[in-house]
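1. just to be clear, the model below is a prediction. Sequence and coordinates:
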Amino acid sequence: MQTQLRRPLMLSASPQTALPQPQWRRGRLLVDVTEIFREVKARRKEVTAKFAGNLLLFVLVVYRLVAVVVGSLLTPTGRDAARAVLKDAAAALHR
């Protein structure tokens, strides 16, 4: 079950590695300073798309992390483990 849940996260990270490839092939990975102002609108769209992709990936990862933590605390073993950790933490504060 764990591998089934990891695949969508792996696939969602693949556009991050594929985005610079066309620019690299065209030799436009590094842009001259005078050309920047000609391409501001296109670059803004590209940067916005990258930001949206990274934000979506971040939200998915945080959601998955919270879902795993909450899911593990709902089992009897998870509750016992959480109780032990919190008890040790409380004991450490009162030393």
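-> Happy to help now that I have it. Residues are numbered from 1 along each chain as shown.
2. Leu60: neighbour count?
-> By other Cβ atoms under 10 Å, 14 other residues sit near Leu60. For the C-beta atoms, the positions are set from N, CA and C on the backbone; glycine is no exception.
3. next helix or strand past the strand or helix carrying it?
-> Here Leu60 sits within helix 40-73, counting by DSSP states H and E. Once helix 40-73 ends, the next helix or strand along the chain (criterion: DSSP H and E) is helix 76-93.
4. helices or strands up against that next one?
-> Using 3 or more Cβ pairs under 8 Å, 6 or more residues apart in numbering; DSSP states H and E, the elements in contact with helix 76-93 are helix 40-73.
5. check which residues of the helix it packs on are buried.
-> Buried positions in helix 40-73, judged by neighbour count with 16 or more other Cβ atoms under 10 Å: none.
6. give the rounded mean pLDDT of it.
-> Averaged over helix 40-73, pLDDT sits at 90.
7. mind giving me the packing neighbours of it?
-> Against helix 40-73 (3+ Cβ pairs under 8 Å, 6+ apart) you get helix 2-18, helix 76-93.
8. lowest mean pLDDT across those, which one is that?
-> Across the helices and strands packed on helix 40-73, helix 2-18 gives the lowest mean pLDDT, at a mean of 61.
9. can you tell me how far Trp54 is from Glu46?
-> One correction, residue 54 is Asn, not Trp. To Glu46, Asn54 is 13 Å away according to Cβ to Cβ, to the nearest Å.
10. please apply the same query to Val68.
-> Distance from Val68 to Glu46, counting by Cβ to Cβ: 33 Å.
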